[in-house]
Structures are given as structure tokens and as C-alpha cells.
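Novice: Predicted model and sequence below, questions to follow.
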Amino acid sequence: MNDINEGKTIGLTRRAFAGRAMAGTCIAALVPTAAMAAPPRVEESDETAVSLGYKHDTKTVDAKKYPKHAATQRCANCAMWQGSATDPWGGCAMFGRKQIAAEGWCMAWAPKPGAA
């Protein structure tokens, strides 16, 4: 026997190669979409959320339990907010990779630098 295997083609044909290349391209195009899926949202029952008194809505914060809370304090105007001003959910330095509600509040709230 020789390397040509008696006239039969060894390996991929151009057509098979092109098909596999297209399939690989399609799969590669989907990977970034899956990798960029939105991070999970913080639940009020999460351990960190409970310890910080986090609520999804600043209007539902217990004034007796948190006397320093003001109705104008929201996650979106906190120094630790990592989203844009128009995002309904965004990141927070206190909650790691989980997102919090822009209208939320917790005890770690601090005014953004330069805000009055």
C-alpha cells in the first residue's frame, strides 16, 4: 500500500471542510451571547441582603428599624451603584456579581461623590 491509499481520498474533502467550518463559526458566534447573559439578581432573602437590610424598593424600608433612611436614598444615587442612571438593575460593590434594583436601598447607601 502507498500513502494515497489506492486512489481514495484521505482526510476531509473541501465540501466537508466548508461545512464544518460554517458550523464552527455559528457555534463560536453563539458563545459570546451566552457568556454575556445578565448576572443574577439579588433576592431580599439573600444572606448579604438581609444583613444590609436591602429592599428592592426604597419605599418599603422600615423607618423604625432604619431611622437614617431617607425616601430620596436609592441604589441608583448611591456611590456603590455600578449601572447607568437609566438602568432598572445594576451592579453594586456590596453584592459582588449580583444585580440590585435601581429603586432599592440598603444600609451601605452613601451619596455619590460631588452630590449634595
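Specialist: Now that the structure is in, tell me what you want to look at.
Novice: Show me where this structure dips below the pLDDT cut-off.
Specialist: Under the criterion of pLDDT under 70, the regions of the chain flagged as low confidence span 1-11, 24-36, 115-116.
Novice: From Ala93, how far out is the spatially most central residue of it?
Specialist: If you average the C-alpha coordinates of the chain and look for the closest C-alpha using CA atoms, centre = their mean, you land on Pro39, 2.6 Å from that point. Per CB to CB, to the nearest Å, Pro39 is found 14 Å from Ala93. C-beta: built from backbone N, CA, C; applies to glycine.
Novice: can you check Cys75 too?
Specialist: Taking CB to CB as the criterion, Cys75 is separated from Ala93 by 11 Å.
Novice: try Asp62
Specialist: Using CB to CB, one obtains 24 Å as the distance from Asp62 to Ala93.
Novice: residue ranges for the helices of this structure, please.
Specialist: Across the chain, reading from the start of the chain, the helices by DSSP state H fall at 14-35, 47-52.
Novice: which residues touch stretch 48-68?
Specialist: Residues from elsewhere that reach stretch 48-68, judged by CB atoms under 8 Å, 6 or more residues apart in numbering: 42-44, 46, 69, 71, 73-75, 94-95, 100-101, 103-108.
Novice: thinking the residue nearest to the centre of the chain is in contact with Gly96, fair?
Specialist: No - judged on CB atoms under 8 Å, Pro39 makes no contact with Gly96 at a distance of 9.0 Å.
Novice: quick revisit: just the buried residues of the contacts of stretch 48-68.
Specialist: When the contacts of stretch 48-68 are checked for burial by 16 or more other CB atoms under 10 Å, the buried set is 42, 69, 73-75, 94-95, 100-101, 103-106, 108.
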